[in-house]
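Q: Make a model of this:
(one chain, ligands or ions: 1)
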Amino acid sequence: MMRVLSVASECAPLVKTGGLADVAGALPGALAGQGVQMRTLLPGYPAVLGALAGAAPVEAIDDLFGGPARLLAGKAAGLDLLVIDAPHLFGREGNPYLGPDGRDWPDNPERFAALSWVGAQVAARGAGGWRPQILHGHDWQAGFVTEYLRRMQAQDVRTVLTIHNIAFTGPADPGRLHALRLDPARFHSEGFEYWGGISALKAGLMGADRLTTVSPTYAAELMTPEFGMGLDGVMRHRRDALTGILNGIDEAAWNPATDAEIARYRDPAGKAANKAALRAEMGLPDAEGPLCVIVSRMTHQKGLDLVLQALPELLAGGGQLAVLGSGDPDLQAAYQAAARGPQVAVRIGYDEGFSHRLIAGGDAILVPSRFEPCGLTQLYGLRYGTVPLVALTGGLADTVINASPAALARGVATGIQFAPIDADTLRHALARLCALYKDQETWSRLQRNAMAQPVGWDQSAKAYAALYAELTGTE
Ligand SMILES: Nc1ncnc2c1ncn2[C@@H]1O[C@H](COP(=O)(O)OP(=O)(O)O[C@H]2O[C@H](CO)[C@@H](O)[C@H](O)[C@H]2O)[C@@H](O)[C@H]1O
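A: Next up, the predicted model:
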């Protein structure tokens, strides 16, 4: 068995703010069938410690960035975990990154430096008699791993860093060099220096043996100024180390035939009961046009402002909109204002169960993101026969087959894509959606194609396993 340590700041179902958690939570199970034993290192937030069954301390750490800590080994939610019990860093309720005032915790650089430090230590020396061959980190929170491995002289361990969101660079003031246990000699452009400051993500992007991101199209986009967020030069520099591997979804949790949250179905016709229930739950009347749904973090990335601008087109086509999301207060308020209209319903918050009912009950799911490394909700939509209408970018480009005249003629379309990503083009796309929805035969073909498209981990688990094998020379 190949031994891999996954280092992540969140992991479903224990602690989740977004898609990174879904991926970190799904990878170990997906890779088990590929001869990979993956253990996951997580910060000991209260929710994680609370779920940990039969945990045993495997290491004691006298000073982990300002206080004592223990490393616990145990299992939770079917995951094989190593958890950092360090109350001074992680003993805080709520969102893993934000304080009660909604701002980043001021010591986030140290908190996730500590995660990376412990990851590097496990990789360098082992923990409880287990030592990984590969350390696979996620996003900036695992960025300093390679710096620490260098310092611990453990460069026999191979490293992979996956980019889920390049917009978060893990910045820190250069005055924190020593506090972050970084080597001042590496504060330069080939190390972790980024526009005069420190960046944990840059450290990982420069230092990891291999970089991955979560779709082939996004891997190419990252090398362009438009999507690289100031790191496109670094990405071009590392282009030979970079691959795009598509995310899958958890096919057990997201299966319309077994989903306990919904009126279960195997055929698109089974969506009708869910649609009626969703309308009742949201207080929406019957309508002629498609019921569109959105499940999303409300941030600029997700393009939800464009939907509000294009909404009249959907309503003119007899359509409706039901939304679940939270985030940016201005967007939340704008959606709540839109929900005063009779054909729009909005729920602000985070609600796993409701997200299933929305996706089962909707005719179409809207994902108009300005950038999208992979995107998961369009994949849920495909699996549930809820036709995705998506921006032509990143993983949305790789996972949906646009209902172009040619694709419709060949009977292979699974959804609608639009580009350029602006309100006008979205308006046209919504008009196309309403027209397609009216043509019952075409619409049901779209639904059936969507449901037949593979969206699980099979292919991608093989790709990760091949990457690990290549890195360790065990092909
Ligand atoms: N209010 C709410 N209630 C319930 N559930 C909610 C919710 N808001 C969001 N979710 C859920 O959170 C997850 C979000 O994942 P996404 O991939 O869509 O985006 P995110 O930008 O968070 O992830 C980043 O990482 C992932 C993983 O690599 C990439 O797919 C993505 O492109 C990248 O931006 C989905 O499982 C969704 O259902």
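
Q: Write out the residues of the protein neighbouring the ligand.
A: Counting by Cβ under 6 Å from any ligand atom, the chain comes close to the ligand at 18-20, 22-23, 164-165, 214, 247, 295-297, 324-326, 350-352, 355, 372-377, 395. In this view, the C-beta of every residue, glycine as well, is placed from N, C-alpha and C.

Q: Filter the residues you listed down to the buried ones.
A: Listed as buried from the residues of the chain next to the ligand are 19-20, 22-23, 164-165, 214, 247, 295-297, 324-325, 355, 372-377, 395; burial here means 16 or more other Cβ atoms under 10 Å.

Q: Which of those fall within helices?
A: With DSSP state H as the criterion, helices contain 19, 20, 22, 23, 355, 377, 395 from among these.

Q: Pull the most distant pair out of the residues you listed.
A: By the measure Cβ to Cβ, 355 and 395 form the most distant pair in these, at 18.6 Å.

Q: can you confirm residue 56 is in a helix?
A: No: applying DSSP: H, G, I helix; E, B strand; the rest coil, one finds residue 56 to be strand, outside a helix.

Q: out of everything not next to it in sequence, what's closest to it?
A: residue 73 (5.6 Å; Cβ to Cβ, 6 or more residues apart in numbering).

Q: Neighbouring strands of the strand or helix carrying that neighbour in the sheet, and parallel or not?
A: Using DSSP states H and E, residue 73 sits within strand 69-76. Within its sheet, and counting by DSSP bridges, strand 69-76 is paired with strand 53-61 (antiparallel), strand 79-85 (antiparallel).

Q: pLDDT score assigned to residue 475?
A: What the model reports as pLDDT for residue 475 is 64.

Q: Oh, that last question was meant for residue 282, not what I typed.
A: We have a pLDDT of 98 for residue 282.

Q: you'd agree it is up against residue 323?
A: No: look at residue 282 against residue 323 with Cβ atoms under 8 Å: they stay out of range, at 9.3 Å.

Q: before we move on, the earlier item: so for the residue nearest to residue 56, what pLDDT did the model give?
A: 97.

Q: One more: residue 101?
A: 89.

Q: what's the distance between it and residue 94?
A: Using Cβ to Cβ, to the nearest Å, residue 101 is found at 11 Å from residue 94.

Q: what number of residues lie near residue 451?
A: For residue 451, the count of nearby residues is 19 (other Cβ atoms under 10 Å).

Q: Now stretch 237-247: buried residues?
A: Buried-residue list, stretch 237-247, by 16+ other Cβ under 10 Å: 237, 238, 242, 243, 244, 245, 246, 247.

Q: Okay, and which of the residues you listed map to helices?
A: Filtering these for helices - DSSP H - leaves residue 237.

Q: What is the end-to-end distance of stretch 46-60?
A: 19 Å (Cα to Cα, to the nearest Å).

Q: One more: stretch 148-156?
A: Stretch 148-156: ends 13 Å apart by Cα to Cα.

Q: hmm, who's touching it?
A: For stretch 148-156, contacts defined as Cβ atoms under 8 Å, 6 or more residues apart in numbering pick out 116-117, 119-121, 123-125, 135, 157, 159, 181, 183, 186, 207.

Q: Inside helices: which ones of these?
A: Those of these lying in helices (DSSP H): 116, 117, 119, 120, 121, 123, 124, 125, 207.

Q: of those, buried ones?
A: Applying 16+ other Cβ under 10 Å to the ones in helices among the contacts of stretch 148-156 flags 116, 117, 119, 120, 121, 123, 124, 207 as buried.

Q: And those residues, which two are furthest apart?
A: Largest pairwise distance in those, by Cβ to Cβ, is 16.3 Å, between 121 and 207.

Q: Overlap in contacts, residue 282 and residue 323.
A: Contacts common to residue 282 and residue 323, judged by Cβ under 8 Å, 6+ apart, are 345, 347.

Q: Distance of the residue nearest to residue 56 relative to the ligand?
A: Distance, residue 73 to the ligand, by Cβ to the nearest ligand atom, to the nearest Å: 26 Å.

Q: That residue contacts residue 81, doesn't it?
A: Yes: taking Cβ under 8 Å as the definition, residue 73 is a contact partner of residue 81 at 7.2 Å.

Q: neighbour count winner among the two?
A: residue 81 (24 against 20).

Q: Now the spatially closest residue to residue 341 that is not a sequence neighbour. Its backbone dihedrals?
A: Among residues not flanking residue 341 along the chain, residue 315 sits closest, at 7.4 Å (Cβ to Cβ, 6+ apart). For residue 315, the backbone dihedrals (degrees, to the nearest 10) come out as phi -70, psi -40.

Q: Return the member of the buried residues of stretch 237-247 nearest to the ligand.
A: Nearest to the ligand, judged by Cβ to the nearest ligand atom, of those is residue 247 at 5.1 Å.

Q: Need the nearest residue in space to that closest one, chain neighbours excluded.
A: Take residue 247 and drop its neighbours on the chain: the residue closest to it by Cβ to Cβ, 6+ apart is residue 374, 4.2 Å away.

Q: quick one: low-confidence parts of this protein?
A: Within the chain, the stretches with pLDDT under 70 are 475.

Q: quick one, domains of it?
A: For the chain, automatic domain parsing gives the domain ranges 2-248+458-472, 268-452.

Q: Make a markdown table from the ones you listed and add distance to residue 258 to it.
A: Shown next, in a markdown table, are the domains of the chain (distance: least, Cβ to Cβ, whole Å):
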| stretch | distance to residue 258 |
| --- | --- |
| domain 2-248+458-472 | 16 |
| domain 268-452 | 11 |
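
Q: residue boundaries of the strands in the stretch 301-450 of the chain?
A: 320-327, 344-348, 364-367, 387-391, 416-418 (DSSP state E, counting those that start in this stretch).

Q: hang on, the earlier thing: can you tell me which of the buried residues of stretch 237-247 are in strands?
A: Using DSSP state E, the members of the buried residues of stretch 237-247 that fall in strands are 242, 243, 244.

Q: In stretch 448-463, which residues are buried?
A: Under the neighbour-count criterion of 16+ other Cβ under 10 Å, stretch 448-463 has 449, 450, 451, 455, 456, 457, 460, 461, 463 buried.

Q: Quick one: end-to-end distance for that stretch.
A: 27 Å.

Q: hang on, residue 373 packs against residue 214?
A: Yes: applying Cβ under 8 Å, one finds residue 373 in contact with residue 214, separated by 4.7 Å.

Q: Between the two, which contacts overlap?
A: With contacts taken as Cβ under 8 Å, 6+ apart, residue 373 and residue 214 have 163, 164, 395 as neighbours in common.

Q: Run through the bridge partners of the first one.
A: Partner residues in beta bridges with residue 163: residue 213, with DSSP bridges as the criterion.

Q: who's in contact with it?
A: Contacts of residue 163 were listed using Cβ under 8 Å, 6+ apart, and they are 139, 201, 205, 211, 212, 213, 214, 222, 373.

Q: burial count for the residue lying closest to the fifth one once chain neighbours are set aside?
A: By that I understand residue 212. In space, and not counting its chain neighbours, residue 212 is closest to residue 162: 4.8 Å by Cβ to Cβ, 6+ apart. As a burial measure, residue 162 scores 26 neighbours (other Cβ under 10 Å).
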